[in-house]
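1. could you look at this predicted model? Sequence included:
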Amino acid sequence: QRRMNISGRHNVACGCGEGVFGETACGQDGVNYFTVSSMTSTAPSTGAFVGLLGPTISSMWWALGESHRVLRPSACLANVHYWTLFFFQVSFGVYATASDCAFPDLHVRATKFFLVFAWLYNLLFVVAACGARAQNTN
């Protein structure tokens, strides 16, 4: 009931965390309807979600290393870039572990943190590229 009060949704046919894909297969009413968190609120769906995203998140580390090798950003920028990816990965892990059924408040906070760190991570590629162009012009 507490989770439904937070999300504004109300399960019509089944409860939070039931079935393979959580309450996604259940009828709901409310303002938010279905979200990714609705589909990943059970162990099988969380495992599939993280398992499918694992290679993508791992490749973020490779992209970071390759971009720093090519662009040669300042030590400060490279350090900040590294830590944004580190905190993205930690907050994404909390997001995936703390399902919206069991830990709704922590889940929402972790979602906000991993989105902010993902934006910063990607924005810092632009900053590094602009800095590299300025260094290589006459």
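-> In hand now; what should we look at?

2. what is the neighbour count of Ser45?
-> Ser45 has 20 neighbours, counted by other Cβ atoms under 10 Å. All C-beta spots, glycine's among them, are computed from the backbone N, C-alpha and C.

3. show me what the one helix or strand it maps to is packed against.
-> Element membership for Ser45 (DSSP states H and E) is helix 43-71. Secondary-structure packing of helix 43-71 (3 or more Cβ pairs under 8 Å, 6 or more residues apart in numbering; DSSP states H and E): helix 36-39, helix 75-97, helix 104-135.

4. and the ones you listed as a markdown table, adding mean neighbour count?
-> Supplementary listing: those in a markdown table, determined by neighbours: other Cβ atoms under 10 Å:
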| stretch | mean neighbour count |
| --- | --- |
| helix 36-39 | 18 |
| helix 75-97 | 16 |
| helix 104-135 | 15 |
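
5. mean pLDDT for those: which is lowest?
-> In terms of average pLDDT, helix 36-39 trails the rest of the helices and strands packed on helix 43-71, at a mean of 63.

6. confidence score at Ile6?
-> Value for Ile6, per-residue pLDDT: 58.

7. quick one on the thing from earlier: now the angle from the helix holding Ser45 to helix 104-135?
-> Here helix 43-71 runs at an angle of 20 degrees relative to helix 104-135 (axes from the mean of the first three to the mean of the last three Cα atoms, to 10 degrees).
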